[in-house]
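> Fold the following.
(chains A and B)
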Amino acid sequence: RKEVEQDPGPFNVPEGATVAFNCTYSNSASQSFFWYRQDCRKEPKLLMSVYSSGNEDGRFTAQLNRASQYISLLIRDSKLSDSATYLCVAPYGNNRLAFGKGNQVVVIP
Amino acid sequence: IAGITQAPTSQILAAGRRMTLRCTQDMRHNAMYWYRQDLGLGLRLIHYSNTAGTTGKGEVPDGYSVSRANTDDFPLTLASAVPSQTSVYFCASSYTSGSDEQFFGPGTRLTVL
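Predicted structure coming up:
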């Protein structure tokens, strides 16, 4: 099982709608997680950190489910500018970070 | 404050040539990393450095070497480039080598012909 797995999508979302996607991780000892946003041909940038039960930042909510070993990201009231790839990140052996391949979100006018 | 810078932005290279990608950070981060990103494969760790003077191999180290003479700089060298090394290369850094968030440079787009 890969350290981090994501459904690549694309997730086509009407503007103003809500979209949510999950990411599964294999290291049950992981304590902290991250969601990064990556725009086309740009570097990944931190969107939010996910500790304990979850985190919320404006229209973005991240949840952690330790029992099932997944984290989720929910985007409310989607904007055109939310179109990007969202990378799930979890720690794995030797204190490294494992990056998922990303969930591609396309917000449609 | 620049954060992390990489040079060059892009490069076209003939196979067999030697190439060094530069990475510099001004955040006094202890740990630095080199990733390559290819379509459908995501980010893959090439080499890392937990602190100045130390380096380690990541997931795909073959054909690459690194050095960490000081805190700020972490160059990546391709001794003899091959077409399969065509990729986008990202340098990143974090305060420690544990599970801290990583900050990325803008990337170098390398094409090996």
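
> would you list every one of the strands in the chain?
Chain wasn't specified; assuming chain A. Along chain A, the segments classed as strands by DSSP state E run A:4-6, A:11-14, A:19-25, A:32-38, A:45-51, A:54-57, A:60-65, A:70-75, A:84-92, A:96-99, A:103-108.

> ah, I was thinking of chain B
Under DSSP E, chain B gives strands at B:4-7, B:10-13, B:19-25, B:31-38, B:42-49, B:56-57, B:64-66, B:76-78, B:87-94, B:103-104, B:108-112.

> The fourth one: partners in the sheet, and parallel or antiparallel?
Strand B:31-38 pairs in its sheet with strand B:42-49 (antiparallel), strand B:87-94 (antiparallel), by DSSP bridges.

> same deal with the second one?
In its sheet, strand B:10-13 lies beside strand B:108-112 (parallel), with partners assigned from DSSP bridges.

> Centre of the chain to the strand it pairs with, how far?
Distance of strand B:108-112 from the chain centroid (C-alpha atoms, centre = their mean, to the nearest Å) equals 12 Å.

> contact partners of that strand?
Identification of contacts with strand B:108-112 by C-beta atoms under 8 Å, 6 or more residues apart in numbering or on different chains yields A:41, B:6-15, B:19, B:21, B:81-89. Where C-beta positions appear, they are placed from N, C-alpha and C, glycine not excepted.

> Let's see that with 7 Å instead.
Strand B:108-112 has contacts (C-beta atoms under 7 Å, 6 or more residues apart in numbering or on different chains) with B:6, B:8-13, B:15, B:21, B:81-83, B:85-89.
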